[in-house]
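J.: Got a sequence here, can you model it:
(chains A, B and C)
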Amino acid sequence: MAGVLKTSPAGAAARNGRRSGQGRETLVRLVLVRLAASAGVLWGAVTVTFVLLQVMPGSTADVLLARSSVGPEVRAGIIAEYGLDDPLPVQYLTYLGRIVRGELGESYVLRRPVWDEIAAQFPGTLLLVATTLLATVVASVVLGVVSANRRAWVRSLFASAESLVVALPPFWLGLLLLTVFSFTLHWFPAIGSSSPAGLVLPTAALAAGPAAVVAGVLREGLLRAMDEPFVVTARARGIGEAALRLRHVLRHALLPVTTLLGWIAGSLIGGAVIIEIVFSRQGIGRLALSAVTNKDMPMVIAVVLVTAVAFVLVTIAVDILTWVIDPRTRDAGR
Amino acid sequence: MPRSLWPWTAVLVVLAVMAAVPSLFTGIDPDAADLNALLHPPSAGHWLGTDQNGRDLYARIVYGARPSLLIGTGAVLLALAAGVVIGVAAAQLGRVADQVLSRSLDVVLSVPGLLLVFLVVAVLGPGSGTAAVGLAVVSMPGFARVARSEVIRLRSAQYVEAAHGFGWSRAQVVARHVLPNAAGPVLALATVSLGAMIVASSSLSFVGLGPRPPTAEWGAMLSDSREFLALAWWPAVFPGVAITVAVLAVTFVGQHLNRRVEGRLS
Amino acid sequence: MTPAGRGPLVAVRDLTVRFPTRHGVVEAVRGVSFRVERGQVVAIVGESGSGKSVTARGLVGLTGEGARVGAAELTFDGVDLRQVRGRAWRALRGRRVGFVLQDALGSLDPLRRVGAEVAEPLRAHRIVPGRQVDAEVVRLLGEAGIPAPESRARQYPHQLSGGLRQRALIASALAARPDLLIADEPTTALDATVQRQVLALLRERVDDGTAVLLISHDLGVVAEIADHVYVMKDGRFVEDGPAAAVLESPSHPYTKTLVGAVAWHGRAARPGRASPAGPEDVGPGNAGTAREVLRAEGLVKRYTLPGRGEFTAVEDVSVTVRAGETLGVVGESGSGKTTLGRLLMGLLEPDAGRVLLDGRPWDGLRGPARRAARRGVQMIYQHPLSSFDPRYTARQILEEPLRADRAPREERDRRVALLLEHVGLAPDVLDRRARELSGGQRQRLAIARALAPGPQVIVCDEPVSALDASIQAQVLDVLADVQERLGVAYVFVSHDLAVIRRLSHRVMVMKDGRVVESGEMEKVFDHPEHPYTKALIDAVPRFASRFRRVSRGAGVTGA
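T.: Now for the predicted structure:
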């Protein structure tokens, strides 16, 4: 039998090198394919906004102006800039070209370039989303791992608590946290604070729901993975429980969690909008809300497109992460 | 149904009746302002206290059930109807239609939910109907995807194949086997979505994009309470309790129904 | 502790395993006693639910949470396993006792490389210094007959074929050179030729001095390598003895059923399995007296695989089936036999060739005529449960084909009762759903439903391969009875030659989409001409006439 073994160690090394090289190639291809698909999706989103501008009542120039009072020369400028006197296909190409070049136009309500306003407000929102994601991951892994190994009634207690937390509207949770920790206990600054301490309550309000959902999914995943035959096999090899969990079980349980976290990261951008309003924080949320109430279309469209780009990037990151964790998905792309 | 679910079922029934005939639960006018009773704490006269305009909170919560629950429910029904039509069309009308519809759904899904609603509101103007339509647009792709994958899964299911062998026509097989078996997962998604949609619709009202004042709506009531948070806790608590209880009832009863459907299928 | 090398390797007396459940205590193992000597192969044979796997797991303390294990004696190499706890178990597992589970895809962690799985016991028990682990893994994989072991070690389980996965699993169980290997259904789900190679690998390890406790439902496998056999039923041993004695002259009625179910040599299990039209009918060029009900000419079916070009599932296959006869279609997985079945049913359109049902071609039929013609060919699937609408009760399942025929209510009731009688089901199953029925009842129900439209041909796609041997025998009897009574023809597709042999009049052997040999059953099986047919028949574990063992190293290379 050992006679089959003919390959020299050098040959084996060469083969291994080639194999991991192939792996990198498929990863690059995966990223390129996903980027192309995302570009298609974003093109669709831009087209939708163009159609919306066309079908909204009033001339497109009026829609862009959002009833703000401007002189005729500004109006003429808009018409020239967007090529509004051109035939529709040319208008569409002009519009597309502007967006591709990152020219998101001017908010005539705020009387400043849309891009400046977004650049000023986006970091605050990203910071909140980042701290929330971090809190979600930490809290859910702790809760999930702690609750997975318990008796059935303890697990159902955790599950009920999670259902309750998920049912709490985040903005109401924010109000309750404010009432208790700011107005009654004075532990944290009330509203409109940009200090790190001011980040605690918004993060808690925003992370509670996702953390509860992820903890539940992680617990189910851990329990399901513990029932897999490979766990019995691994135990039969004489490895310890800690090694079993670390090397075998946790990875399996993290697979659904990765997908879920990607989705949560995307929806947090939306969720942050509400929380920013509750806590009167600077950010994209307040910007979007005031744009909507003022019908400030250049701003609304810009916010929608920028968040869509962020969302799409997160999705690609999740795909790469799944590729790294689960070798089974790697052959599918070939 | 397990005994632990009875209270939640009762809550659902009470909420439904409350939304249909609020006057059964209170004789007080929810919009009647009493300037002598601004922000009064809970008492025998005002069970849950009064708000900043001296309106009875209990009456407003009772009358708020209809707008608060109707937007979410309407959104789910709209999304369900549109999603099933699009999903079944994508599954049945061939490759090109499938590609076009599926990619269009991707476009809708590329925008974070609430911002998509903002876009709809920006176009249609704020209001209950707009909120329902906006939320329906957001949740429709989920229904379309489930409907599409169910139809595709069932089309190649062995029992569907076997039914063709009995001599049924294609339409008869779809009516007898495909639709009834696809309904389970689609309705499961609907019950799961309903809770989330109730929360989302109250969020919209909270930021002022729901029904117009002075309509009593739970999210809008919470929004009003923010200015007086340091003075009065009750307007900031009871409407939130109402939302949470409603969502929990929907969730628990929905989970039970889903498990029954799954148990039947597996 | 007695010194190693004296006394039996495993001694078990009065082992009981109980599982407390919500509905009371379930006794999985009810007092079994057995011994395993060094270098011996001991087999525990039984059908699903007999308690054989739980018995084996009791030896390594892996009976699962909540299980209560009791025994008057439970020793491994003199160590009292009843006293072993926690860390001491770990020293035993993998090091002294290797464990191979059924289903190598699920038993190897799908997220880890094959090499890492094989290395795990080496690292856990520090068998070799850390630097040498990789080299040792490659050596072990090579020893298990895996070609190009260095590159296989870097692959993931899903990238390996079933046979290679099973070898890798065995390599990992043997990595620490244990004294005992517990193999729980090590060859189930493998094709016959691959199964034979894996058994040869086990045999080799036994010859090197490893004792094996083999758990299996497959008497053929047991006959090939076991020295001593215990037959288990409902948590008890009903018979035991030297393998040859138990299998050749079983004394307990249950063992007799098991042996009878897979009997290979001697008379065919059922008398009168000659063609209904007489033996002279089957040869080529003979005009049959029995009517020809299904005919296929030059069938070709190709699939386009994305990125891999075309794949031919069925290549130039012609088939003739006469009323009341059974055509057995034999082949291993991927031979195209299932695709052929679907082509015959008109569920797939062939790329070339045509299928004639009762002289009329499928492709000439459209609309209502085609739908009516469909009723003439029915199908019985491998997994009956997935062929029933999950919402339906047994009554609804049986009534559906009758409703499609617009039969009035009294007529339906009458025919449902008749169908139940044909397949030997009691009327009380009618109000239950299929998932509440046993495996055998489900397949009987599937047969009854297939009969309901009054077909001339029934395509049976591996109809018994998911069933236990004794149930297999019953279902095959039902099929034979029904054929005698109603004169329906079968196209019987299976990988299992014993099953094919039992029911077929004529046989067709398929490989890679082509028919390599066909003819009268006796002729093909007793005097195979094509090398592939010979290899297939040779690979079937058999015992009844002469007890025979796998020779050392037989066909171990390649997969």
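
J.: C-alpha from now on. contacts and neighbour counts both.
T.: OK.

J.: So which elements touch the helix or strand hosting residue C:420?
T.: Per DSSP states H and E, residue C:420 falls inside helix C:409-423. Contacts defined by 3 or more Cα pairs under 8 Å, 6 or more residues apart in numbering or on different chains; DSSP states H and E place helix C:409-423 against helix C:394-404, helix C:439-451, helix C:469-486.

J.: Out of those, which one sits most buried?
T.: Per residue and on average, the most neighbours among these fall to helix C:439-451, with a mean of 25 (mean count of other Cα atoms under 10 Å in any protein chain shown).

J.: Quickly run through the sheet partners of the helix or strand that comes right after that one, with directions.
T.: Next in sequence after helix C:439-451, counting helices and strands by DSSP H and E, comes strand C:457-461. Within its sheet, and counting by DSSP bridges, strand C:457-461 is paired with strand C:377-380 (parallel), strand C:489-494 (parallel).

J.: just the strands in chain A please.
T.: A:106-107, A:112-113 (DSSP state E).

J.: between the ones you listed, which gets nearest to residue B:131?
T.: strand A:106-107 (24.7 Å; Cα to Cα).

J.: From the chain's centroid, how far away is the closest one?
T.: Centroid displacement of strand A:106-107 relative to its chain, using Cα atoms, centre = their mean, to the nearest Å, is 26 Å.

J.: Next: stretch C:115-123.
T.: Distance, centroid of stretch C:115-123 to centroid of chain: 30 Å (Cα atoms, centre = their mean).

J.: what's the answer for stretch A:221-233, then?
T.: Worked out by Cα atoms, centre = their mean, stretch A:221-233 lies 30 Å from the chain centre.

J.: Which residue is the nearest non-sequential neighbour of whatever residue of the stretch 101-250 of chain C ends up closest to chain A?
T.: Shortest the stretch 101-250 of chain C-to-chain A distance, computed as Cα to the nearest Cα: residue-wise this is residue C:107, at 3.9 Å. Counting by Cα to Cα, 6 or more residues apart in numbering or on different chains, the nearest residue to residue C:107 once its immediate chain neighbours are dropped is residue A:230, at 3.9 Å.

J.: okay, that neighbour: pLDDT?
T.: Listed pLDDT for residue A:230 reads 90.

J.: That one against residue C:109, yeah?
T.: Yes. Using Cα atoms under 8 Å, residue A:230 makes contact with residue C:109 at a distance of 5.4 Å.

J.: After the longest helix anywhere in chain B, which helix or strand is next?
T.: With secondary structure taken from DSSP state H, chain B has its longest helix at helix B:57-92. Using DSSP H and E, the next helix or strand after helix B:57-92 towards the C-terminus is helix B:95-109.

J.: State the mean pLDDT of that next one.
T.: Rounded mean pLDDT across helix B:95-109 is 89.

J.: And stretch C:124-138, by the same measure?
T.: Here the average pLDDT along stretch C:124-138 is 90.

J.: List the buried residues in that stretch.
T.: C:124-125, C:127, C:133-134, C:136-138 (16 or more other Cα atoms under 10 Å in any protein chain shown).

J.: Next: stretch B:179-198.
T.: Buried, per 16+ other Cα under 10 Å, within stretch B:179-198: B:179, B:181-198.

J.: try stretch C:81-88
T.: Quick answer for stretch C:81-88 (16+ other Cα under 10 Å): C:81-82.

J.: and chain C, which residues reach chain B?
T.: Neighbours of chain B within chain C, by Cα under 8 Å from any Cα of the partner chain: C:347, C:368, C:371-375, C:377-379, C:386-391, C:400-401, C:404-405, C:453.

J.: circling back: is it possible to get JSON lines of the helices and strands packed on helix C:409-423 that adds distance to chain A and mean pLDDT?
T.: Below are these laid out as JSON lines (distance: least, Cα to the nearest Cα, whole Å; pLDDT from 0 to 100):
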{"stretch": "helix C:394-404", "distance to chain A": "32", "mean pLDDT": "92"}
{"stretch": "helix C:439-451", "distance to chain A": "23", "mean pLDDT": "93"}
{"stretch": "helix C:469-486", "distance to chain A": "24", "mean pLDDT": "89"}
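
J.: helices and strands of the chain: which one has the lowest mean pLDDT?
T.: Went with chain A since none was named. helix A:9-55 (a mean of 72; mean pLDDT, DSSP states H and E).

J.: oops, chain C please
T.: Going by mean pLDDT, DSSP H and E, chain C bottoms out at helix C:104-107, a mean of 75.

J.: what separates it from the chain centre, distance-wise?
T.: The mean C-alpha position of helix C:104-107 is separated from the chain mean by 16 Å, Cα atoms, centre = their mean.

J.: For it, give me every contacting residue.
T.: A:228-233, C:101, C:157-158, C:162, C:165-166, C:169 (Cα atoms under 8 Å, 6 or more residues apart in numbering or on different chains).

J.: And these, which of them are buried?
T.: Of the members of the contacts of helix C:104-107, the ones counted as buried by neighbours, 16+ other Cα under 10 Å, are A:229-233, C:101, C:157-158, C:162, C:165-166, C:169.

J.: which one of those is nearest residue C:510?
T.: Of those, the one sitting nearest to residue C:510 (Cα to Cα) turns out to be residue C:162, at 20.3 Å.

J.: Can you name the residues of chain B that neighbour chain C?
T.: Going by Cα under 8 Å from any Cα, the residues of chain B near chain C are B:157-169, B:177, B:181, B:264-266.

J.: And the buried ones among those residues, selectable in ChimeraX?
T.: Taking 16+ other Cα under 10 Å as the burial criterion, the selection of buried members of the residues of chain B next to chain C in ChimeraX is written as:
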select /B:157,158,159,160,161,162,163,164,165,166,167,168,169,177,181
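
J.: so of the residues of chain B next to chain C, which ones are in helices?
T.: Counting by DSSP H, these place B:158-165, B:181, B:264-265 in helices.

J.: Can you report how many residues neighbour residue 184?
T.: Picking chain A for this. A count of nearby residues for residue A:184, using other Cα atoms under 10 Å in any protein chain shown, gives 11.

J.: let's do chain C instead
T.: Neighbours of residue C:184 (other Cα under 10 Å): 23.

J.: Assign a three-state SS to residue B:226, would you?
T.: Secondary structure state of residue B:226, per DSSP: H, G, I helix; E, B strand; the rest coil, is helix.

J.: for it, what are its contacts?
T.: Going by Cα under 8 Å, 6+ apart, residue B:226 touches A:175, B:236.

J.: low pLDDT regions in chain B?
T.: When residues are selected by pLDDT under 70, those of chain B lie in B:262-266.

J.: First-to-last residue distance for stretch A:110-118?
T.: Counting by Cα to Cα, to the nearest Å, the length from the leading to the trailing residue of stretch A:110-118 is 12 Å.

J.: Do any residues in it lie close to chain B?
T.: No. Stretch A:110-118 is not in contact with chain B by Cα under 8 Å from any Cα; minimum separation 14.5 Å.

J.: In that stretch, which of the residues would be classed as buried?
T.: So for stretch A:110-118, counting by 16+ other Cα under 10 Å, buried means A:113-115, A:117-118.

J.: cool, stretch C:234-241 as well?
T.: C:234-240.

J.: before we move on, what about stretch B:38-48?
T.: For stretch B:38-48, by 16+ other Cα under 10 Å, it's B:38-42, B:46, B:48.
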